[in-house]
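1. When you get a sec, could you give me coordinates for this:
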Amino acid sequence: MQIKYFKHFSFIKLVPLVFLSCSLIGGCFGAEEDKEGKIKIKVYYSENPNQTDFFENNEFEQYSEIGPKENLKGIWTGRYTLNKEDIFWINPSLDNRQIYKDIDFGPYVIGIKFNLINKIILTGLEIIQEGVKYSSVNIDLANDKQINYWTNARNRDWFQVVRGKIFRVNENQLFTVFQTTVYEGKTAIYAFKGEAMLMKPIDD
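-> Got it, this is the predicted structure:
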């Protein structure tokens with residue numbers, strides 16, 4: 001998803017005072033005196049949409065157990081569609097209309113490959129998506145029906161933080177739900193959610 005480069009940082013003149021302050025809503029700012037005795041202040045806007053209960057799940061009855069790990073081998077593929085309604089958070093200091101205008105909405109193909117040792121020990125997974133370079137993925141076997149994962153990725157100039165969950169629907173289908181927060185530097189710009197039904201590799 002490509003959006004234009006936004007500038008969030010500004011400098012203003014203040015009375016000669018050096019300080020650092022943070023508010024409860026996540027906005028921090030610091031000030032320092034320059035060579036001319038003027039004070040420059042830089043705002044670090046750190047508010048983000050991370051949900052502490054994201055990995056919790058109360059709908060286990062509709063999923064099957066993950067089962068033997070050897071049954072996960074291969075690349076599972078699916079498709080998700082990014083709609084405007086999937087953008088669930090935007091940095092309040094930005095113009096919503098501009099962000100919606102510049103996001104590439106539409107369908108995306110995603111693949112997940114599970115890393116196995118001796119075909120039975122699950123050590124991690126890889127996320128495959130055209131145009132996006134994912135880092136190594138951390139996983140957690142939350143229980144016998146849920147695999148949690150989190151990683152980061154780069155899409156041109158944008159840094160993304162991804163969190164997701166995987167469930168088994170049946171022998172041939174897995175289901176993943178994920179949230180992605182897009183950053184400019186250390187500033188969160190917007191976040192979107194997605195879900196995809198992943199089909200079992202034909203060769204398996």
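
2. Strands of the chain, start to end?
-> 13-14, 20-22, 27-33, 39-45, 75-82, 87-90, 106-117, 121-128, 133-134, 138-143, 146-155, 158-170, 173-184, 187-199 (DSSP state E).

3. buried sites along the last one?
-> Neighbour-count burial for strand 187-199 flags 187, 188, 189, 190, 191, 192, 193, 194, 196, 198 (criterion: 16 or more other C-beta atoms under 10 Å). C-beta here means a position set from N, CA and C on the backbone, and glycine is covered the same way.

4. thinking again about what came up before, compare the strands of the chain and give me the one nearest residue 61.
-> Nearest to residue 61 among the strands of the chain is strand 158-170 (11.3 Å), distances taken as C-beta to C-beta.

5. Show me what that closest one packs onto, helices and strands only.
-> Applying 3 or more C-beta pairs under 8 Å, 6 or more residues apart in numbering; DSSP states H and E, we find strand 158-170 packed against strand 146-155, strand 173-184, strand 187-199.

6. mind listing what's buried in the shortest one?
-> Using 16+ other C-beta under 10 Å as the test for burial, strand 146-155 gives 146, 147, 148, 149, 150, 151, 152, 153, 155.

7. Stretch 135-147 too?
-> Residues 137, 139, 145, 146, 147 are the ones in stretch 135-147 that count as buried (16+ other C-beta under 10 Å).

8. Can you tell me which of the residues you listed is nearest residue 76?
-> Nearest to residue 76, judged by C-beta to C-beta, of these is residue 147 at 11.7 Å.

9. who's in contact with the closest one?
-> Applying C-beta atoms under 8 Å, 6 or more residues apart in numbering to residue 147 gives the contacts 66, 122, 125, 139, 140, 141, 165, 166, 167.

10. try it again with 6 Å
-> 141, 166 (C-beta atoms under 6 Å, 6 or more residues apart in numbering).

11. so what pLDDT did it get?
-> Residue 147 is assigned 95 on the pLDDT scale.

12. where's residue 104 relative to residue 121, distance?
-> Distance from residue 104 to residue 121, counting by C-beta to C-beta, to the nearest Å: 38 Å.

13. Quick check: residue 118 vs residue 74, distance?
-> 16 Å.

14. Just the C-alphas of stretch 74-81, formatted as PDB.
-> Only the C-alpha atoms of stretch 74-81 are listed here, as PDB (Å, rounded to 0.1, in the frame of the first residue of the first chain):
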ATOM      1  CA  GLY A  74       4.300 -26.300   1.600                       C
ATOM      2  CA  ILE A  75       3.200 -22.700   0.800                       C
ATOM      3  CA  TRP A  76      -0.400 -22.000   1.700                       C
ATOM      4  CA  THR A  77      -1.800 -19.200  -0.500                       C
ATOM      5  CA  GLY A  78      -4.800 -17.000  -0.300                       C
ATOM      6  CA  ARG A  79      -6.200 -13.500  -1.200                       C
ATOM      7  CA  TYR A  80      -7.300 -10.600   0.900                       C
ATOM      8  CA  THR A  81      -8.900  -7.400  -0.300                       C
END
